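*Asks:* here is the input, now give the coordinates:
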Amino acid sequence: MSQIAYADEPRVNPLDVVERLATGNDWSFERAGDDEITILVTGRWTDYQLSYTWMGDIEALHLACAFDLKVPERRRDETQALITLINEQLWVGHFDLWTKEGMVMYRHALVLAGVETSGRQCEALLSTALDTCERYFTAFQFVVWAGKEAREALAAAMFDTSGEA
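*Replies:* Take a look at the predicted model:
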């Protein structure tokens, strides 16, 4: 099959799949158009706003996961140092600091060149974002609110307890 013939075949909009995922989980969502949907999910530490964007020109489904943590100017350098330390540990996705807004965000994209999107793919993208944000949220809190250094905050956040008292 030539690429010209393939390009003419209709495709399912990946955001339709994401919308079904949100509906099936009773998550609040807003569909801004054919290329964007935002879902609100309650996590263990905070609420998360997940924005999926379909970028048809490059056939990629982008996910940005934001949470309520405003980084004041005086803590941005240490927050950026923390982001660097965290990103060194991640296999997929990454954190960014949007300096203009002072907002930390997790981002990841799924390249779907010529592939139909499945609910399982969208759910995995969402699950990875939430798990990653939940894992590192306390480290961001330690840096922003408690004034800790990035390495100290990351070490505290990565500390896992076992057993019961």
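
*Asks:* just name whatever secondary elements the helix or strand hosting T138 is in contact with.
*Replies:* Element membership for T138 (DSSP states H and E) is helix 119-144. The contact analysis (3 or more C-beta pairs under 8 Å, 6 or more residues apart in numbering; DSSP states H and E) places helix 119-144 against helix 14-24, strand 36-42, strand 47-55, strand 60-70, helix 76-87, strand 103-111, helix 150-158. No exception for glycine: its C-beta is placed from N, CA and C like everyone else's.

*Asks:* do that again at 10 Å, thanks
*Replies:* helix 14-24, strand 36-42, strand 47-55, strand 60-70, helix 76-87, strand 94-98, strand 103-111, helix 150-158 (3 or more C-beta pairs under 10 Å, 6 or more residues apart in numbering; DSSP states H and E).

*Asks:* of those, which is nearest E30?
*Replies:* Between E30 and the helices and strands packed on helix 119-144, the shortest separation by C-beta to C-beta is 5.1 Å, and it involves strand 36-42.

*Asks:* tell me which residues of the closest one are tucked away?
*Replies:* Within strand 36-42, the residues that count as buried by 16 or more other C-beta atoms under 10 Å are 37-39, 41.

*Asks:* present the helices and strands packed on helix 119-144 as CSV; the columns should include mean pLDDT.
*Replies:* Listed next are the helices and strands packed on helix 119-144 as CSV, based on pLDDT from 0 to 100:
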stretch, mean pLDDT
helix 14-24, 90
strand 36-42, 93
strand 47-55, 94
strand 60-70, 92
helix 76-87, 96
strand 94-98, 95
strand 103-111, 94
helix 150-158, 89
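
*Asks:* Throw the ones you listed into a markdown table and include distance to D131, thanks.
*Replies:* What follows is those, written out as a markdown table (distance: least, C-beta to C-beta, whole Å):
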| stretch | distance to D131 |
| --- | --- |
| helix 14-24 | 16 |
| strand 36-42 | 12 |
| strand 47-55 | 11 |
| strand 60-70 | 10 |
| helix 76-87 | 13 |
| strand 94-98 | 13 |
| strand 103-111 | 10 |
| helix 150-158 | 14 |
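
*Asks:* what's the closest of those to C122?
*Replies:* Judging the helices and strands packed on helix 119-144 by C-beta to C-beta, what sits closest to C122 is helix 14-24, at 5.0 Å.

*Asks:* residues touching the residue nearest in space to the middle of the chain, list them.
*Replies:* Centroid check for the chain by C-alpha atoms, centre = their mean gives C65 as the closest residue, at 3.3 Å. By C-beta atoms under 10 Å, 6 or more residues apart in numbering, the contact set of C65 is 39, 41, 43, 48-52, 93, 95, 104-108, 125-126, 128-130, 132-133.
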